[in-house]
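Student: Structure of the sequence below:
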Amino acid sequence: MTPRIRRVFHRAALVAVAALIARGGVVTAGDSGDRRPMNVLFLAVDDLRPQLGCYGQTQMITPNIDALAAQGMLFHRAYCQSAICGPSRASLLTGLRPDTSGIIRNRPSVSQAVPDILTLPRQFKSHGYHTVSIGKIYHGPGDDKGGWSERPVRPRGGYNLPANQAIMVAYARGLAEGKDPPRGPVVEAADVPDEGYSDGVVANLAIEALRKIKDKPFFLATGFSKPHMPFACPRKYWDMYPEESIRLADNPLLPDGAPEIAPYNWDEMRAYNDIDDDGSLTDEKRRQLIRGYCACVSYADAQVGKVVAELDRLDLRENTIVILWGDHGWHLGENGQWGKHTNYEQATRAPLILSVPGMKNVGQSTDALVEFVDIYPTLSELCNQPLPDHLEGRSFSALLEDPNLAWKTAAFSQVLRWDRGMGYTMRTEKYRYARWQDPRGNIVGHEIYDHVDDPQENTNLANRPESAQLLQQLDQQLNAGWREALP
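Tutor: Predicted coordinates:
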């Protein structure tokens with residue numbers, strides 16, 4: 001069978017699946033001749049791990065995202081393709097994996113790396129949608145300008161307190177002069193309304209956009225910057241989490257037997273002026289960091305709630321797909337790590353919630369392995385758009401009909417260790433396997449974690465004699481790649 005014929009059969013199968021889903025209860029765009037195309041509200045939350053009530057984090061105050069999950073489907077095992085903002089967002093918005101696009105760090109941009117690719121915004125724009133970008137969608141604010149019907153808007157964020165703002169003015173001046181100045185503190189909680197920080201402004205702009213574009217098919221991408229550092233938000237969210245309620249990670253040490261290249265030195269956090277250069281943290285500081293992260297999650301949750309409430313007020317919910325995702329996970333002391341930039345579960349797993357009008361299994365969840373490169377084909381399929389040939393993911397819209405459907409056998413991620421090499425990781429039903437390679441391709445480390453017996457990934461099994469056969473099996477599966485893992 002030639003590649004062209006294979007694509008024809010593949011496309012026919014996808015169309016058939018879409019038709020089955022429509023008959024099963026999910027109303028896709030174009031189900032009736034007089035129905036206008038389905039809108040999409042595309043909600044991105046920066047650095048958000050599954051630190052949400054709907055993911056079983058009962059200490060969290062996230063009523064709005066929890067409500068969205070109750071009105072849609074929650075994906076327990078969704079994985080980004082790289083636990084770094086730029087590569088993760090690029091993979092989601094292009095449908096290309098990092099090694100294919102060449103975007104393995106925050107630069108180059110999508111426009112520079114793959115200028116001719118049909119991105120997700122361009123896909124919707126080419127099908128008559130009014131596409132709008134507010135807040136952080138791509139990593140770079142000016143990326144993929146041709147994908148948007150209006151000029152993207154990203155309010156400046158950061159600090160509210162004048163003293164900290166002055167520090168950042170000096171920081172910007174120092175960078176311009178080729179210096180390496182310190183940033184402000186990693187935590188701030190000013191007694192201001194939501195609009196005192198940028199995410200409150202983003203929510204208001206998204207509400208204004210909804211009112212303006214409500215009478216046309218739209219793809220409204222709204223990106224919230226918290227809980228990205230600095231952990232800065234209005235004081236009322238900080239007060240939701242009293243200091244005595246904060247629990248430290250119960251696995252604060254590096255995994256036993258982890259290769260030397262695997263951990264991240266969390267230099268992103270050490271760039272703030274209240275974090276020691278050597279990265280040492282007192283328990284008091286650890287609690288402050290966790291408290292700040294949780295407060296920022298609740299702040300972002302409130303902004304999500306405002307936008308979704310306006311969608312309801314305008315009677316748009318019955319014709320709008322709502323999808324919420326965090327671009328990757330985040331360590332809060334687990335595995336001895338703070339931040340992202342790792343191949344561990346805490347960094348590669350992120351929240352994903354999808355609500356589709358008319359969906360059958362409202363309020364349910366799925367344990368199926370899905371990847372961020374799957375989001376592009378899923379939204380396109382739900383809106384009855386033909387799928388571009390370049391996509392390296394698979395639509396998971398069939399899971400809306402049957403959450404227990406046999407699905408992918410593995411999800412794939414990778415992270416760059418700068419000039420030291422690259423780590424590739426694969427999450428299967430039971431295991432997480434990671435292989436580390438130097439710039440010449442030489443293998444410098446392996447990791448195997450058994451998620452049945454060791455869900456926190458505390459013990460690396462890869463170097464144990466009894467794991468030799470398992471190591472060979474997982475290595476072969478990683479080499480076979482994502483195509484062999486498709487359902």
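Student: any weak-confidence spans in the chain?
Tutor: Within the chain, the stretches with pLDDT under 70 are 1-34.
Student: Would you point out which residue is most central in it?
Tutor: Central residue of the chain (Cα atoms, centre = their mean): D327, 1.8 Å from the mean position.
Student: tell me the phi and psi of it?
Tutor: Taking degrees, to the nearest 10, you get phi -70, psi -20 for the backbone angles of D327.
Student: cool, and the one 4 residues further on?
Tutor: Dihedral angles phi and psi of H331 (degrees, to the nearest 10) take the values phi -90, psi 140.
Student: E284: neighbouring residues, count only.
Tutor: Using other Cβ atoms under 10 Å, E284 has 9 other residues around it. (Glycine included, C-beta is placed from N, CA and C.)
Student: any idea which helix or strand comes after whatever helix or strand it lives in?
Tutor: Assigned by DSSP states H and E, E284 falls within helix 283-313. Sequence-wise, the next helix or strand downstream of helix 283-313 (DSSP H and E) is strand 320-326.
Student: pretty sure D374 contacts R394?
Tutor: Yes: with contacts counted by Cβ atoms under 8 Å, D374 reaches R394, the gap being 5.7 Å.
Student: So what touches stretch 192-199?
Tutor: Outside stretch 192-199, the residues that touch it by Cβ atoms under 8 Å, 6 or more residues apart in numbering are 135, 155-158, 160, 190, 200-201, 203-204, 224-226, 232-235, 299-300, 302-303.
Student: From those, keep the buried residues only.
Tutor: For these, a neighbour count by 16 or more other Cβ atoms under 10 Å gives the buried set as 135, 155, 157-158, 160, 190, 200-201, 203-204, 224-226, 232-234, 299-300, 302-303.
Student: Please flag which of those residues sit within strands.
Tutor: If you go by DSSP state E, these have 135, 224, 232 in strands.
Student: Which one of the residues you listed is nearest to Q473?
Tutor: Within these, distances to Q473 taken as Cβ to Cβ reach their minimum at F224, with 40.8 Å.
Student: Please list all residues in contact with that closest one.
Tutor: Listed by Cβ under 8 Å, 6+ apart, the contact set of F224 reads 43-46, 135-136, 199, 202-203, 300, 303-304.
Student: State the distance from it to L332.
Tutor: Going from F224 to L332 by Cβ to Cβ, to the nearest Å gives 19 Å.
Student: With L474 instead?
Tutor: With distances taken as Cβ to Cβ, L474 is found 28 Å from L332.
Student: quick one: contacts for S365?
Tutor: Contacts of S365 by Cβ under 8 Å, 6+ apart are 69, 73-76, 403.
Student: Checking it next. Helix, strand or coil?
Tutor: strand (DSSP: H, G, I helix; E, B strand; the rest coil).
Student: The one 10 residues further on too?
Tutor: Under three-state DSSP, I375 falls in the helix class.
Student: what about the closest residue to it other than its chain neighbours, how many neighbours?
Tutor: Excluding its sequence neighbours, the residue lying closest to I375 (Cβ to Cβ, 6 or more residues apart in numbering) is L92, at 5.4 Å. When counting by other Cβ under 10 Å, one arrives at 26 neighbours for L92.
Student: list the contacts for L92?
Tutor: For L92, the contact set (Cβ under 8 Å, 6+ apart) comprises 80-81, 120, 325, 327, 372-373, 375-376.
Student: Repeat that for H228.
Tutor: So H228 contacts 46-47, 296 (Cβ under 8 Å, 6+ apart).
Student: Make TSV out of the residues you listed and add neighbour count and distance to A468.
Tutor: Compiled in TSV, the contacts of H228 are given as follows (neighbours: other Cβ atoms under 10 Å; distance: Cβ to Cβ, whole Å):
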residue	neighbour count	distance to A468
D46	24	41
D47	25	38
C296	31	44
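Student: that older thread, what is the orientation angle of the helix holding E284 with strand 320-326?
Tutor: 170 degrees (axes from the mean of the first three to the mean of the last three Cα atoms, to 10 degrees).
Student: just the helices in the stretch 151-300 of the chain please.
Tutor: 162-176, 198-213, 235-238, 267-270, 283-313 (DSSP state H, counting those that start in this stretch).
Student: do you know which of those helices lies nearest P439?
Tutor: Per Cβ to Cβ, nearest to P439 of the helices of the stretch 151-300 of the chain: helix 267-270, 19.8 Å.
Student: tell me which element T425 falls in.
Tutor: Using DSSP H and E, the element containing T425 is strand 422-428.
Student: Figure out how far the helix or strand following that strand is from the centre of its chain.
Tutor: Following strand 422-428 in sequence order, the next helix or strand is strand 431-437 (DSSP H and E). When C-alpha coordinates are averaged (Cα atoms, centre = their mean, to the nearest Å), strand 431-437 and its chain have centres 21 Å apart.
Student: other SSEs contacting strand 431-437?
Tutor: strand 422-428, strand 443-450, helix 468-480 (3 or more Cβ pairs under 8 Å, 6 or more residues apart in numbering; DSSP states H and E).
Student: quick one: the longest one to strand 422-428, angle?
Tutor: Read that as helix 468-480. Here helix 468-480 points in a direction 110 degrees away from that of strand 422-428 (the same axes, to 10 degrees).
Student: And helix 468-480, what's buried?
Tutor: Neighbour-count burial for helix 468-480, counted by 16+ other Cβ under 10 Å, picks out 470-471, 474-475, 477-478.
Student: if we can go back for a sec, nearest to A209, of the helices and strands packed on strand 431-437?
Tutor: Nearest to A209 among those is strand 422-428 (36.0 Å), distances taken as Cβ to Cβ.
Student: Direction included, what does the closest one pair up with?
Tutor: strand 410-416 (antiparallel), strand 431-437 (antiparallel) (DSSP bridges).
Student: Next, the angle strand 443-450 makes with it.
Tutor: 20 degrees.
Student: Can you give the contact residues for strand 422-428?
Tutor: With contacts defined as Cβ under 8 Å, 6+ apart, strand 422-428 is touched by 77, 79, 104, 261-262, 343, 345, 348-349, 369, 409-417, 432-437, 445, 447, 474, 477-478.
Student: hmm, try it at 7 Å
Tutor: 79, 261-262, 343, 348, 369, 409-417, 432-437, 474, 477-478 (Cβ atoms under 7 Å, 6 or more residues apart in numbering).
Student: Can I get the buried ones among these as something I can paste into ChimeraX?
Tutor: Remark: buried members of the contacts of strand 422-428, expressed as a ChimeraX selection using 16+ other Cβ under 10 Å:
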select :79,261,262,343,348,369,410,411,412,413,414,415,416,417,432,433,434,435,436,437,474,477,478
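Student: List of residues touching stretch 474-486?
Tutor: Residues from elsewhere that reach stretch 474-486 (Cβ under 7 Å, 6+ apart): 97, 392, 394, 408-410, 412, 424, 426, 431, 433, 435, 448.
Student: from those, which single one is nearest R270?
Tutor: Nearest to R270 out of the contacts of stretch 474-486 is Y424 (Cβ to Cβ; 26.2 Å).
Student: Could you check how far that closest one is from W418?
Tutor: Using Cβ to Cβ, Y424 is found at 16 Å from W418.
Student: Please say which of those two ends up with more neighbours.
Tutor: Between Y424 and W418, counted using other Cβ under 10 Å, Y424 has the larger neighbour count: 18 against 9.
Student: what sits opposite the more buried one in the beta ladder?
Tutor: Q414, R435.
Student: list the contacts for S467?
Tutor: Contacts of S467 (Cβ under 7 Å, 6+ apart): 448, 461.
Student: now V153
Tutor: 134, 205.
Student: For it, give the beta-bridge partners.
Tutor: With DSSP bridges as the rule, V153 is bridged to I134.
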